[in-house]
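*Asks:* Give me the fold of what follows.
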Amino acid sequence: MIHKILNDKPTKLFIALTSFFVANAIIAECIGGKLFSLERLFSITPHPFSLLGEKGLTFTLTCGVLLWPLEFVLTDVVNEYFGPKAVKRISYIAIALICYAFLMFYIAIQTPPDFNFWVGSQKETGVPDMQAAFSNIFGQGMWIIAGSVIAFLVSQLVDVYIFHKIKKVTGEKKVWLRSTGSTIVSQLVDSFIVLFIAFKIGKGWSYQRVLAIGLVNYTYKFTMAVVLTPLIYLMEKWIERYLGHETTKAMKEAAMGKVNE
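*Replies:* Model (predicted):
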């Protein structure tokens, strides 16, 4: 039986997509503690601007946003071939493993550090206290963790719903519309939920500041959703070449059938 499972191409595709989806989500959470300047990334001098009365804004983003747009592309691919139940399943798996990862980070932070060597081992590189550095990198606040996990779950469910609502109207045509449309809306939800929970509730930010920074973040996510649209077509072509036309057609029909049950 195991040989049959491992040799089944749709099963192998689902395992590969799920593995990359979960790994991508965990990596995004891990690197999300670093902020970077989008302007400087493209060798542009930042010019602070005002939005909704909030001054001094620039395109300063978390490194997690580098990976999240790809996460929604994978969501749409799984949606297209395996249906909404599959997307929900892999989303729940990703959330469970993200929580597990943060639990392990917490345990690692709390274990007694080695003061004889490790704590001061990187002084020459500008890190005088490795325990403090480790704790700050992996010890994200509980509000940030909660906001990130809840935003991820809600945005995934929104993406699934909108994707299939559009597909019911367009059928197999206009892949770009259901993919980009669902991503644009779900990214909007994701942007504001995480900021509201992590910084409005967790740190007492004003609604004005949450909205202003949320719109700045969403501008990047909106742009990336549009830019990455051709990737959906490339992945669909590769999948059809890998599985064959008849198999992909049957999988797409089955995926839509699950919505109508």
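
*Asks:* For the stretch 51-200 of the chain, which segments count as strands?
*Replies:* 54-57, 60-62 (DSSP state E, counting those that start in this stretch).

*Asks:* List the residues that contact the residue positioned nearest the centre of the chain.
*Replies:* Nearest to the mean C-alpha position of the chain, by C-alpha atoms, centre = their mean, lies Trp68 at 3.0 Å. By C-beta atoms under 8 Å, 6 or more residues apart in numbering, Trp68 lies in contact with Ala28, Gln187, Asp190, Lys221. The way it works is simple: take the backbone N, C-alpha and C, and place the C-beta from them, glycine included.

*Asks:* which of these lies closest to Tyr81?
*Replies:* Checking the contacts of Trp68 against Tyr81 with C-beta to C-beta, the nearest one is Gln187 at 21.7 Å.

*Asks:* which residues sit against the helix-or-strand element of the chain with minimal mean pLDDT?
*Replies:* Scoring the helices and strands of the chain by mean pLDDT, DSSP states H and E places helix 2-7 at the bottom, with a mean of 74. Applying C-beta under 8 Å, 6+ apart, the set of residues contacting helix 2-7 from outside is Thr11, Lys12.

*Asks:* again, 7 Å this time
*Replies:* Thr11 (C-beta atoms under 7 Å, 6 or more residues apart in numbering).

*Asks:* try stretch 234-249
*Replies:* By C-beta under 7 Å, 6+ apart, stretch 234-249 touches Lys9, Pro10, Leu13, Val77, Tyr81, Val175.

*Asks:* And stretch 217-231, by the same measure?
*Replies:* 38, 59, 61, 65, 69, 73, 176, 179-180, 183-184, 187-188, 191.

*Asks:* Repeat the analysis, applying 10 Å as the threshold.
*Replies:* With contact meaning C-beta atoms under 10 Å, 6 or more residues apart in numbering, stretch 217-231 is reached by 38, 51, 59-62, 65-66, 68-70, 72-74, 76-77, 175-177, 179-192, 194-195, 215.

*Asks:* Out of those residues, which end up buried?
*Replies:* Buried by 16 or more other C-beta atoms under 10 Å: 38, 59, 61-62, 65-66, 68-70, 72-74, 76-77, 175, 179-192, 194-195, 215, out of the contacts of stretch 217-231.

*Asks:* can you count the residues close to Thr248?
*Replies:* Using other C-beta atoms under 10 Å, Thr248 is surrounded by 19 other residues.

*Asks:* would it count as being in a strand?
*Replies:* No. Assigned with DSSP: H, G, I helix; E, B strand; the rest coil, Thr248 falls outside any strand and is helix.
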